[in-house]
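Asks: Structure for this input, please:
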Amino acid sequence: MSATIRDVAKLAGVSVSTVSRVINNASNVNDKTRQNVMDAIKKLNFKPNRIAQSLGSGSFNAIGVVSTRSLQQAFHNPYFSLMIQAIGEVSEEKNYDIILNNALNEEKEIEKCLSMIESKIVQGLILLSSRMNDRLIEKLYQSNIPFVVVGRVVDERLANEVYSVDTDNLNDCKEAVSYLIKLGHKRIGCIHAPLKYVVSVDRLEGYIAAHKESGLPVDYSIIENGQYTINDAYQAAINILKSPTPPTAIFATDDIKAIGAYKAIKELNLKIPDDISLVGHNNYEYSTIMSPELTTIDVPIEQLGKVSAKVLFNLIEGRKTQQRTLLKTKFIIRQSCKAINENSLEPV
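Replies: Modelled structure (predicted):
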């Protein structure tokens, strides 16, 4: 049976409160008593409870990670688990715990975050994405707690004050769609995520920018919201492919949506890339085991997580740190795209 704080107090000949003060490194304990307590802790192999320590010190060595989505929505996408894993590695090095904050809506999310701040459960927060009209960022800024946003902050006033880590979502999507256009595709469908998130808007804007730069019209009838799940993306792809004038290519703004598109394309007895080309985003592991392998944009998700955590700990520890960090992505060409014959509109 593990030793308790009472066992330590009894062996050291002191009160439980004195043991607690020693554990929390309080100054009002004389050296001899402190040493007696430390010797008893060592002899009994006593492991102080982190939460109990926090009650004595008034704070807890933890950071909050805010998914900005419900738990179900977040964990349909590998991005969130990969980010939490990367943040966790940095946190463990700092001897900090992670507390995950997820909520069904923004109002509840704000309430839970402010409660954690007021009760000193967390020393800082990382937001895994940003919204177009993000009241949480405004509230956190007003609270003066250290926090980092993974994503772009839309509010110009806050963008100059808030620390953020991101990739250039607009331009990397523009590059991917431009690649399809160079292959001869003039009708390119798009499956995007909900547009209340900045990343979703930026990726869709990249798709639109590629069309405008190439002088191609944007046909909004072949742009669909793929929501959060593979099944939602599948239905979006079905809608696009069954349009009166279906596209010869589809751009999916994340690889989850590309999987839904694969399913729809197969169900309609079409082949990738012979009948339709497909490009994804994020380069999840399964993009290389899909058949054919998916052309996609490689996002350094692990680096996003680790850099955002390092920036947060710099803020917590009062060290100077870069306010806005932009990480590079890489466009990876695999086997899911094919050039199209401009005259016959058939892949070549």
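
Asks: This structure - how does it break down into domains?
Replies: Per automatic domain parsing, the domain ranges recorded for the chain read 5-57, 62-167+301-327, 169-299+332-347.

Asks: Out of the ones you listed, which gets the lowest mean score?
Replies: Least confident of those, judged by mean pLDDT, is domain 5-57 with a mean of 80.

Asks: Stretch 210-220: how far from the chain's middle?
Replies: Stretch 210-220 sits 30 Å away from the centroid of its parent chain (C-alpha atoms, centre = their mean, to the nearest Å).

Asks: same check, this time on stretch 85-99
Replies: 15 Å.

Asks: ok, now stretch 267-286?
Replies: 24 Å.

Asks: Over to stretch 93-109?
Replies: So, by C-alpha atoms, centre = their mean, the centroid of stretch 93-109 is 12 Å from its chain's centroid.

Asks: got the buried residues for that stretch?
Replies: Residues of stretch 93-109 classed as buried: K94, Y96, D97, I98, I99, N101, N102, A103, E109 (neighbour count, 16 or more other C-beta atoms under 10 Å). Placement of C-beta: from N, CA and C, glycine included.

Asks: Show me those that map onto strands.
Replies: D97, I98, I99, N101 (DSSP state E).

Asks: could these be laid out in TSV, adding distance to G151?
Replies: What follows is those, written out as TSV (distance: C-beta to C-beta, whole Å):
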residue	distance to G151
D97	24
I98	19
I99	20
N101	16
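
Asks: hang on, E293 packs against I332?
Replies: No - contact status for E293 versus I332: not in contact, 9.2 Å apart, counting by C-beta atoms under 8 Å.

Asks: Among those two, which residue is more densely surrounded?
Replies: Neighbours per residue (other C-beta atoms under 10 Å) separate E293 from I332, with I332 holding more: 17 against 14.

Asks: partners of that one in the sheet?
Replies: Residues in a beta bridge with I332, per DSSP bridges, are T296.

Asks: how about V154, phi and psi?
Replies: V154 adopts backbone torsions of phi -70, psi -40, taken as degrees, to the nearest 10.

Asks: Return the distance of it relative to E138.
Replies: As judged by C-beta to C-beta, to the nearest Å, V154 and E138 stand 11 Å apart.

Asks: Then I256?
Replies: 30 Å.

Asks: do V177 as well
Replies: 33 Å.

Asks: Who has more neighbours out of these two?
Replies: Taking other C-beta under 10 Å, V177 and E138 do not tie; V177 has more neighbours (25 against 15).

Asks: Apart from its neighbours in sequence, what residue is nearest that one?
Replies: Leaving aside its chain neighbours, V177 sits nearest to A210 (3.6 Å; criterion: C-beta to C-beta, 6 or more residues apart in numbering).

Asks: Check for me that that neighbour belongs to a strand.
Replies: No - read with DSSP: H, G, I helix; E, B strand; the rest coil, A210 is helix and lies in no strand.

Asks: correct me, but it touches K182?
Replies: No - A210 lies out of contact with K182 (C-beta under 8 Å); the separation is 10.0 Å.

Asks: more crowded one of the two?
Replies: Shown here are A210 and K182; by other C-beta under 10 Å, A210 has more neighbours (24 against 11).

Asks: check contacts around the more buried one.
Replies: C173, K174, E175, A176, V177, S178, I181 (C-beta atoms under 8 Å, 6 or more residues apart in numbering).

Asks: residue boundaries of the strands in the stretch 201-348 of the chain?
Replies: In the stretch 201-348 of the chain, the segments counted as strands under DSSP state E, counting those that start in this stretch are 223-225, 249-252, 277-279, 296-298, 324-327, 330-332, 340-341, 346-347.

Asks: Tell me which of the ones you listed sits most buried.
Replies: For the strands of the stretch 201-348 of the chain, the largest average neighbour count (mean count of other C-beta atoms under 10 Å) is found in strand 249-252, namely a mean of 30.

Asks: Determine the next helix or strand in the C-terminal direction from the host helix or strand of S164.
Replies: Here S164 sits within strand 163-167, counting by DSSP states H and E. With elements assigned by DSSP H and E, the helix or strand that comes after strand 163-167 is helix 169-182.

Asks: List the buried residues in that next one.
Replies: N169, L170, D172, C173, K174, E175, A176, V177, S178, Y179, L180, I181.

Asks: right, and the fifth one touches H211 too?
Replies: Just to be clear, that refers to K174. No - counting by C-beta under 8 Å, H211 is not a contact partner of K174; they are 9.4 Å apart.

Asks: just the helices in the stretch 101-250 of the chain please.
Replies: 106-118, 135-143, 156-159, 169-182, 198-213, 230-241 (DSSP state H, counting those that start in this stretch).

Asks: The strand or helix carrying G64 vs strand 97-101, what angle?
Replies: Per DSSP H and E: G64 is located in strand 62-66. Orientation of strand 62-66 against strand 97-101 (axes from the mean of the first three to the mean of the last three C-alpha atoms, to 10 degrees) gives an angle of 30 degrees.

Asks: Mind listing the strands strand 62-66 pairs with, and their directions?
Replies: Sheet partners by DSSP bridges: for strand 62-66, these are strand 97-101 (parallel), strand 125-127 (parallel).
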